[in-house]
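here's a sequence, model it:
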Amino acid sequence: RFRHKPIGPLGSFVKLRENTGSGGPNKWSKAVTTAIGGSLSTFTCDNFQDSKILISLMDRLKAKHNIHVLRFANRYQNIARPNFQGAFTVEDAIQVDNDVAYNALIESTSMESRCLFDTIQQAENNCFLGQRGSQQFVNN
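This is a model prediction of the structure:
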């Protein structure tokens, strides 16, 4: 018996936000999928005992399992974000309707620090120093 009911799959709590600038709600779908898609089928358990139970159940059903163990808590509040004006991240492009799912996506994908840009020029101006071809990544 589970101590805490597992949460998942994480993707069931994720939606693209509608107001993400010009281009409509699908503007960032490919970038968001690339950034966090690997975690959307993941389940999250509060403890290793619960994860063992879930693995056992999924094995009996011959279901593929990708399970993340993370202590269940309220939504993270103090998250480091990119510190340049106009920074727009994967986290900004989505809505996550469950605190545990949100925290698990922060932990597994760093979505709060994955920036999205309209153009390559904007990305280069904000993330790199130096001339094109010999640039260095700027860790804001």
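
any idea which helix is longest in the protein?
helix 48-60 (DSSP state H).

how distant is that helix from the center of its chain?
24 Å (Cα atoms, centre = their mean, to the nearest Å).

and the contacts of stretch 92-109?
7-8, 10, 13-17, 20, 28, 31-32, 35-36, 38-39, 42, 44, 68, 70, 72-76, 79, 90-91, 111-112, 116 (Cβ atoms under 8 Å, 6 or more residues apart in numbering). For every residue, glycine as well, the C-beta is placed using N, CA and C.

how about the strands in the protein?
14-16, 43-45, 67-69, 94-96, 128-129, 136-137 (DSSP state E).

pLDDT of the second one, averaged?
The reference is to strand 43-45. Per-residue pLDDT over strand 43-45 has a mean of 98.

could you list every helix and strand in contact with it?
helix 48-60, strand 67-69, helix 99-109 (3 or more Cβ pairs under 8 Å, 6 or more residues apart in numbering; DSSP states H and E).

the second one pairs with which strands?
Using DSSP bridges, the neighbouring strands of strand 67-69 in the sheet come out as strand 43-45 (parallel).

contacting residues around the partner strand?
4, 6-10, 51, 54, 65-70, 72, 100-101, 104.

ok, back up a step: the longest helix of the chain packs against which elements?
strand 43-45, strand 67-69.

between those strands, which gets nearest to Glu124?
Closest to Glu124 of the helices and strands packed on helix 48-60, according to Cβ to Cβ: strand 67-69, at 33.5 Å.

who touches the closest one?
For strand 67-69, using Cβ under 8 Å, 6+ apart, the contacting residues are 6, 39, 42-48, 51, 54-55, 104, 107-108.

quick one on the thing from earlier: export the helices and strands packed on helix 48-60 to CSV and append columns for distance to Gln122 and mean neighbour count.
Shown next, in CSV, are these (distance: least, Cβ to Cβ, whole Å; neighbours: other Cβ atoms under 10 Å):
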stretch, distance to Gln122, mean neighbour count
strand 43-45, 34, 25
strand 67-69, 32, 18
